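sequence first, then the predicted structure:
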Amino acid sequence: METIIKNKKIAIIIAIIVVLGTILLGAYHQSVSRYSSKIAVQIDNVEKLSENNFAPQNHVNDYGQWIVLSKNANNKSNLFQMIKMTREYDKKFSKDESEAKKNEKKITDEVNNKWIEIYTQSMLKASESESYGNKITKVWRDAIFENYATVNGKHYTDFKDAIHAFQTQYSNEFSELNSFFQDNIDSANNLSELIRIYFPEKSNRADDLENFAQDVFNFNDEAINPSGSYSTRSSKLSELDTKALSSSKTVGMSF
């Protein structure tokens, strides 16, 4: 009798263990399923972040390893590893998407503002160069065809002396123009580099900007530092002016 009672108790205990085991196993599988879904979403987010040029730079090198470990945990249904990886995501990467959006807006605004600045300042300075260039052309013409040219109250019969006198009179202004257009090339190159890093799909716009900066530089150089002969002066300056104007239309005020 005692043996029967003992066997019944054992059977009950075994049944309880089996039931508890079934419950726990079911709970484990539910947890695995829940974390599997969660980590799949997180893996997708991190994969997108790893390809996002605006993602925080301090985490860029961590994305790849996290993705590998998380996929491995998910494939093997390793609950404890999945929990670890989701916690690491929450701790390190959960705010990266919002940070990437902030960075994108900041850099986009920076590029747009600098683009407008380069364009508008280039056009204003090129207009100054054109004005001085026209005056140099007149001085050159007067010295040849009007017997003399008047520069700063003095008469010059030699066109070279007349042009030199004009350049001396406006040496400060010309120095500022030369410095501006050289710095402008550097600014355009720096901005173009930024564009190629963060907006590779618009690298052609970076090329447009660099060409524009070079074209207005060339126009200014010829306008205030004339080369060749008087007979080629107008055509050469006009050619450079046309090229700079064409570049300006290509660039425009908007990135």
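Right, received. Where do you want to start?

hey, let's count contacts and neighbours off CA atoms from now on
Fine.

and the gap between W140 and V151?
The spacing between W140 and V151, counted by Cα to Cα, to the nearest Å, is 11 Å.

looking at these two, which one has more neighbours?
Higher neighbour count among W140 and V151: W140, with 25 against 17, using other Cα atoms under 10 Å.

so the more buried one touches H164, yeah?
No - counting by Cα atoms under 8 Å, W140 sits too far from H164 to count as a contact (10.3 Å).

so where is the protein shaky, pLDDT-wise?
1-12, 14-16, 18-29 (pLDDT under 70).

overlap of the contact sets of W140 and V151?
Residues touching both W140 and V151 (Cα atoms under 8 Å, 6 or more residues apart in numbering): A162.

count of neighbours near the nearest residue to I67 once chain neighbours are set aside?
Nearest residue to I67, sequence neighbours excluded (Cα to Cα, 6 or more residues apart in numbering): I43, at 6.0 Å. Neighbours of I43 under the rule other Cα under 10 Å: 21.

measure I43 to L49 for me?
Taken as Cα to Cα, the span from I43 to L49 is 10 Å.

before we move on, what about V68?
Look at V68 and L49: by Cα to Cα, they are 14 Å apart.

do the same with N172
51 Å.

repeat for W115
From W115 to L49 the distance is 27 Å (Cα to Cα).

equivalent analysis for I17, please.
Counting by Cα to Cα, the gap from I17 to L49 is 46 Å.

which one of those two has more residues nearby?
For I17 versus L49, neighbours defined as other Cα under 10 Å are more numerous around L49 (20 against 12).

gap between the more buried one and F145?
Separation of L49 from F145 (Cα to Cα): 70 Å.

do the same with Q182
Distance from Q182 to F145, by Cα to Cα: 35 Å.

more neighbours: those two, which one.
Q182 (14 against 11).

quick check: that one touching N218?
No - using Cα under 8 Å, Q182 is not in contact with N218; the gap is 10.1 Å.

residue contacts, the nearest residue to S248 once chain neighbours are set aside?
Distances taken as Cα to Cα, 6+ apart put F212 closest to S248, at 6.2 Å, once the chain neighbours are dropped. Residues near F212 by Cα under 8 Å, 6+ apart: 244, 247-248, 251.
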